[in-house]
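J.: Have a look at this prediction, sequence included:
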Amino acid sequence: MICFCEGEDMPVYALLACAKSAGTDLNPAGRRAVAGIVAAIRDAGKEKP
């Protein structure tokens with residue numbers, strides 16, 4: 001499980017969940033995808049009044 005929490009005023013986001021038996025790390029493409037999701041969440045949080 002990979003979670004993301006930016007601060008007290010934003011919810012906790014579950015970004016990725018996988019079976020424990022998978023036992024593999026994210027590959028570079030997966031890391032870029034998660035980084036893009038985090039960037040989008042941060043941008044959306046900045047737009048809040």
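T.: Nice, I can see it.
J.: Nearest residue to the one residue sitting closest to the centre of the chain in space, ignoring adjacent ones along the chain?
T.: For the chain, residue 15 is the residue whose C-alpha lies nearest the centre (CA atoms, centre = their mean; 4.0 Å). Nearest non-adjacent residue to residue 15, counting by CB to CB, 6 or more residues apart in numbering: residue 2, 4.7 Å away. The C-beta positions use only the backbone N, C-alpha and C, and glycine is treated the same way.
J.: and that neighbour, what does it touch?
T.: 14, 15, 16, 17, 34 (CB atoms under 8 Å, 6 or more residues apart in numbering).
J.: is it true that residue 44 lies in a helix?
T.: Yes - under DSSP: H, G, I helix; E, B strand; the rest coil, residue 44 sits within a helix.
J.: Kindly state the beta-bridge partners for the residue nearest to residue 15.
T.: residue 16 (DSSP bridges).
J.: and the gap between it and residue 40?
T.: 15 Å (CB to CB, to the nearest Å).
J.: Over to residue 12?
T.: For residue 12, the distance to residue 40 - CB to CB - is 16 Å.
J.: Can you list the low-confidence ranges for this protein?
T.: Scanning the chain for pLDDT under 70 picks out the ranges 22-23, 48-49.
J.: how about a cut-off of 80?
T.: Per-residue confidence for the chain (pLDDT under 80) gives these ranges: 1, 6-10, 16-25, 45-49.
J.: residue boundaries of the helices in it?
T.: 28-46 (DSSP state H).
J.: so the residue nearest to the centre of the chain makes contact with residue 30?
T.: No - with contacts counted by CB atoms under 8 Å, residue 15 stays clear of residue 30, the gap being 10.4 Å.
J.: Can you give me the neighbour number for residue 4?
T.: 16 (other CB atoms under 10 Å).
J.: My guess is it contacts residue 10. True?
T.: No - at 9.0 Å, residue 4 and residue 10 do not qualify as touching, with contact defined as CB under 8 Å.
J.: intersection of neighbour lists for the two?
T.: With CB under 8 Å, 6+ apart, residue 4 and residue 10 have common neighbours residue 41.
J.: For residue 12, which non-adjacent residue is spatially closest?
T.: Residue 12 sits nearest to residue 5 (CB to CB, 6+ apart), 4.5 Å away.
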